[in-house]
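J.: the following comprises the amino acid sequence and a computationally predicted model.
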Amino acid sequence: MKTQKIGKTELVTTRLAYGCMRLPDTWDPKAIDAAKRERARLAVLAAFEAGYTLFDHADIYCRGMCEQLFGDIVGDTPSLKRTPHLIATKCGIRFPDDPAGTPHRFDFSKQHILWSCDQSLKRLGIERIDIYQLHRPDILMNPPEIAEAFAILKKAGKVRYFGVSNFSPSFVSCLQSALPEALVVNQVEIHLGRLDCFVDGTLDQCIERGITPLSWSPLAGGWLGAGATVWDKHPRREHLLAIQKMVDEIAAKYGVSRTVMALAWLLKHPSKIVPIVGSANPANIKDAVKADDVELTREDWYRIYVAARGEKLP
Ligand SMILES: NC(=O)c1ccc[n+]([C@@H]2O[C@H](COP(=O)([O-])OP(=O)(O)OC[C@H]3O[C@@H](n4cnc5c(N)ncnc54)[C@H](OP(=O)(O)O)[C@@H]3O)[C@@H](O)[C@H]2O)c1
């Protein structure tokens, strides 16, 4: 796979990242058994073998067990430990009843950021997180307070760079105004079923500021790979089928699978989107990297874009 820099840093990643959210195959830590551990181990091995170098986590995935599983797998496998790779994780979303009686909320308080980072480091079994992201905008966020927390983590050597996720351009600008260093990523939902970032200023801002956009759910959480019968009762069934049909048509022309074409379509954008592949199936993990070799023409990119819009261009 080709490589690229992340933001304006010295960090280099392959053009596709690997997302660890689905590794435990459950959101219930108690449901993780030996079979699920083995499934996760095979997925992580496949991702390293296929050449992915950036691994994305969040503290909330399976309530920390996703970070723990990955940390255990890499920690127990010397060849993986030795392979240079980058770890990204996130904080700032809090589950209800944690502690008891509290609501679901977002929390970018200094205390919560510092505490969360220590927990993630322990679970991942590492001393430093490469990219630490704020998961979803906390409406009560106070940029100078976040700046204080970031400065403490940076000084302690616990984090190399900071980023955000699901931030609108104005949230990015607001937070950035209080930070001494540039945010390096904005991880947002971009795929053929979710085109907002192309036109709402998110990707333009990434280009302008040199932020790397990470695309979460680049296959729309799986429906781009699924057969048509999956959504027989979906209200947008006809539109989803039309998108699949167009992607299939273009994919056949380039001799790749539909999902590879959907990823290649993201890679074409000049903001240098890094799609975070979320499969836990070794064959799909390996197939996805073919996207990096597709030289998609501007005309075919637009054919797919117009099908995804569901209406003609003005
Ligand atoms: N920042 C945020 O708010 C946020 C939110 C959600 C996710 N994320 C990040 O984004 C990552 C990716 O999200 P995602 O898992 O929803 O991504 P995705 O790649 O859109 O979806 C992955 C799903 O697609 C399925 N799939 C079906 N056919 C496939 C094929 N041919 N190739 C590959 N996958 C296929 C996979 O099943 P198989 O496993 O059977 O292949 C898997 O269930 C997560 O791991 C996480 O790191 C971030």
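T.: Thanks, I have it.
J.: helix, strand or coil for residue 215?
T.: The assignment at residue 215 comes out as strand when based on DSSP: H, G, I helix; E, B strand; the rest coil.
J.: list the contacts for the residue nearest to it when sequence neighbours are not counted?
T.: Residue nearest to residue 215 in three dimensions, not counting chain neighbours: residue 190, with 4.1 Å by C-beta to C-beta, 6 or more residues apart in numbering. No exception for glycine: its C-beta is placed from N, CA and C like everyone else's. For residue 190, the contact set (C-beta atoms under 8 Å, 6 or more residues apart in numbering) comprises 197-198, 203, 213, 215-216, 218, 266, 273.
J.: phi first, then psi, for residue 190.
T.: The main-chain torsion angles of residue 190 are listed as degrees, to the nearest 10 and equal phi -140, psi 120.
J.: what of residue 307?
T.: Geometry field for residue 307 lists phi and psi as phi -60, psi -40, criterion degrees, to the nearest 10.
J.: give me the neighbour count for the nearest residue to it once chain neighbours are set aside.
T.: Spatial nearest neighbour of residue 307, chain neighbours left out: residue 246 (3.6 Å); criterion: C-beta to C-beta, 6+ apart. Counted with other C-beta atoms under 10 Å, residues neighbouring residue 246 total 20.
J.: so residue 246 sits in a strand?
T.: No - assigned with three-state DSSP, residue 246 falls outside any strand and is helix.
J.: the ligand versus that one, what's the distance?
T.: Using C-beta to the nearest ligand atom, to the nearest Å, one gets 17 Å for the distance from residue 246 to the ligand.
J.: ok, residue 312 next?
T.: In terms of C-beta to the nearest ligand atom, residue 312 sits 27 Å off from the ligand.
J.: and that residue, what does it touch?
T.: Under the criterion of C-beta under 8 Å, 6+ apart, the neighbours of residue 312 are residue 306.
J.: returning to that earlier point: which one of the contacts of residue 190 is nearest the ligand?
T.: residue 216 (3.4 Å; C-beta to the nearest ligand atom).
J.: could you give the bridge partners of that closest one?
T.: The bridge-partner assignment for residue 216, based on DSSP bridges, gives residue 189.
J.: can you report how many residues lie near it?
T.: Summarising burial for residue 216: neighbours were counted as other C-beta under 10 Å, giving 20.
J.: right, and residue 117 touches residue 129 too?
T.: Yes - under the criterion of C-beta atoms under 8 Å, residue 117 is in contact with residue 129, at a separation of 6.9 Å.
J.: for these two, list the residues in contact with both.
T.: In terms of C-beta under 8 Å, 6+ apart, residue 117 and residue 129 are both contacted by the residues 158-159.
J.: and the strands in the stretch 1-150 of the chain?
T.: Per DSSP state E, counting those that start in this stretch, the stretch 1-150 of the chain has strands spanning 3-5, 12-14, 17-19, 54-56, 86-91, 93-94, 105-106, 129-134. These are given in chain order.
J.: can you name the element that comes right after the helix or strand hosting residue 162?
T.: Take DSSP states H and E as the rule and residue 162 turns out to sit in strand 159-165. As assigned by DSSP H and E, the chain's next helix or strand after strand 159-165 is helix 169-176.
J.: run the angle between that next one and strand 129-134 for me.
T.: Put simply, helix 169-176 runs at 120 degrees to strand 129-134, going by axes from the mean of the first three to the mean of the last three C-alpha atoms, to 10 degrees.
J.: mind listing what's buried along helix 169-176?
T.: By neighbour count with 16 or more other C-beta atoms under 10 Å, helix 169-176 contains the buried residues 169, 171-172, 175-176.
J.: what of stretch 23-32?
T.: For stretch 23-32, the neighbour count (16+ other C-beta under 10 Å) marks 23-25, 32 as buried.
J.: what is the least confident helix or strand in this protein?
T.: For the chain, using mean pLDDT, DSSP states H and E, the weakest element among its helices and strands is helix 237-254, scoring a mean of 93.
J.: what packs against that one?
T.: Judged by 3 or more C-beta pairs under 8 Å, 6 or more residues apart in numbering; DSSP states H and E, helix 237-254 is in contact with helix 258-267, helix 298-309.
J.: what's the mean pLDDT across the shortest one?
T.: In other words, helix 258-267. With pLDDT averaged residue by residue, helix 258-267 scores 97.
J.: next, format the buried residues of helix 169-176 as CSV and append distance to residue 98 and pLDDT.
T.: Below are these laid out as CSV (distance: C-beta to C-beta, whole Å; pLDDT from 0 to 100):
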residue, distance to residue 98, pLDDT
169, 31, 98
171, 24, 98
172, 28, 98
175, 24, 98
176, 29, 98
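J.: how close does the nearest residue to residue 308 once chain neighbours are set aside get to residue 250?
T.: Residue nearest to residue 308 in three dimensions, not counting chain neighbours: residue 192, with 4.4 Å by C-beta to C-beta, 6+ apart. Distance, residue 192 to residue 250, using C-beta to C-beta, to the nearest Å: 11 Å.
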